[in-house]
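>>> Turn this into a structure:
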Amino acid sequence: MKKKRHAQPQEQKAPLAAWFDARVAGLVLAVKALVLLYGVQAYVVWKNERVGSLYNWLAIWNRWDAPHYLDIARVGYVSQGVEARWIVFFPLYPWLVRAASFVLRDGLLAAFFVSGVASVAAGLLLYRLARAGGEPEEVARAAVFYLLVFPTAYFLHIGYNESLFLALTLGAFLAARRRVWWAAGVLGLCAALTRINGVVLLPALAFEAWDEYRGAGRRARVEWLWLLLVGAGFGVYLFINWWVLGDPRAFLTMQGEHWFKSPTWPWVGVEGAWNSTRGLAPSEAQMVGWQELLFILLGLGLTAWAWARLRASYAVWMTCNWLMWTSTKFALSVPRYTLVLFPAFILLGRLRASHPAWGAAVVVWSLLMLALFSARFAQGYWAF
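Next up is the predicted model:
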């Protein structure tokens, strides 16, 4: 008599199958296609111009910071000319774009490929991280959905480093939650090579180590030293600054001179956003004033909610990020930066499960703002 075959536990699956979910990946790809298609339609309608080839469908998204990443991918960092300012952009994303361009033979295609793969990974990792935290499947899937329809989620799909940074951050947190400290350190190093707020992973993941310390009889583990790789990643970036421009803090100088961003107290950035709501043309006041101020307050509220309902490491991540955005003389792109507050999407997933009407209201607001901001961006107007 044949023995019955039992389903294999999830923990015993192959590493890839353990975190891959076809429905989550399909959702990311479907939303990606819709956002990119909507951008083309918005461009044609408002610009009254034909887009032309499929390549041009991608080219209309190559705005603002995106061409700078392509410059770095093509020639690296330079010490002369306008391109010397691009030292403010961290290296890992353009390095990966350069690597992909050797196969795809085009920098723009390579940028979309890297962002596309990273966005799928980010969706899958957010789902797995929520499940690892004990969230029901309904909440975990809702968290991914809220991420994808967030007002600035179009940055996950174009030639920006948002999707890569988010995937690396989520991977570092998931590795720490599973106490695989070497993986958390390596992913944290890569995150610190992608965005400056990657360094925030060090204090955030230290709280995961503290959690293990309290639960393991207050015994220290040498494996926690892997987290110091986060600082090493930032150190590599400082070395690049010194190597190219002769000053490890050159990026701070460039930010202050050309982006009007220099470190200061957080209330200065908040006050600056408030001041931008007055004395400007209505459109500019809305985008660099009211929307920046709205997302500053939204981030603050979500951070307070995280301290009340989530793990300390998640709340520390959100707090440090919020302070980093606002502790500048000119608070800019806060709606885009809010994308990395991944614990907020878990909270919104819970909200949808417990209070469907409120959850639906958030979705409607998100979709309306996503349509507005992505349409502006595709047409070449400032949208964070």
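
>>> just for this structure, where's the confidence low?
For the chain, the stretches with pLDDT under 70 are 1-19.

>>> Can you tell me how far the closest residue to Trp224 other than its chain neighbours is from Leu201?
In space, and not counting its chain neighbours, Trp224 is closest to Ala209: 4.5 Å by CB to CB, 6 or more residues apart in numbering. Bear in mind the C-beta positions are built from the backbone N, C-alpha and C, glycine included. Counting by CB to CB, to the nearest Å, the gap between Ala209 and Leu201 amounts to 12 Å.

>>> Could you list the buried residues of the helix or strand containing the residue nearest to Trp224?
Using DSSP states H and E, the element containing Ala209 is helix 201-215. Neighbour-count burial for helix 201-215 flags Leu201, Leu202, Ala204, Leu205, Ala206, Phe207, Glu208, Ala209, Asp211, Glu212 (criterion: 16 or more other CB atoms under 10 Å).

>>> number of nearby residues for Glu271?
Residues near Glu271, counting by other CB atoms under 10 Å, number 15.

>>> For it, give its distance to Ala315.
Distance check for Glu271 against Ala315: by CB to CB, it reads 25 Å.

>>> ok, now Leu147?
18 Å.

>>> which one of these two has more residues nearby?
Leu147 (27 against 20).

>>> give me the number of residues near the spatially closest residue to that one that is not a sequence neighbour?
Leaving aside its chain neighbours, Leu147 sits nearest to Phe345 (4.7 Å; criterion: CB to CB, 6+ apart). A total of 23 residues lie near Phe345 under the criterion other CB under 10 Å.

>>> shouldn't Phe345 be in contact with Ala140?
No: at 9.9 Å, Phe345 and Ala140 do not qualify as touching, with contact defined as CB atoms under 8 Å.

>>> Touching both of these two, which residues are there?
Leu126 (CB atoms under 8 Å, 6 or more residues apart in numbering).

>>> nearest residue to Trp317 other than its sequence neighbours?
Ala204 (4.1 Å).

>>> Distance-wise, check the one you found relative to Leu339.
Distance from Ala204 to Leu339, by CB to CB: 16 Å.

>>> Return the alpha-carbon coordinates of stretch 188-199 using CSV.
The C-alpha coordinates for stretch 188-199 follow below in CSV (Å, rounded to 0.1, in the frame of the first residue of the first chain):
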residue,chain,number,x,y,z
GLY,A,188,22.5,46.6,5.3
LEU,A,189,25.8,47.4,3.7
CYS,A,190,24.2,47.4,0.3
ALA,A,191,21.4,49.6,1.5
ALA,A,192,23.9,52.1,2.9
LEU,A,193,25.5,52.1,-0.6
THR,A,194,22.1,52.9,-2.1
ARG,A,195,20.7,55.8,0.0
ILE,A,196,22.1,57.9,2.9
ASN,A,197,19.3,56.7,5.2
GLY,A,198,20.7,53.2,4.9
VAL,A,199,22.8,54.1,7.9
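
>>> now the helices: where do they sit in the stretch 101-250 of the chain?
107-132, 137-148, 162-177, 181-192, 201-215, 229-245, 250-258 (DSSP state H, counting those that start in this stretch).
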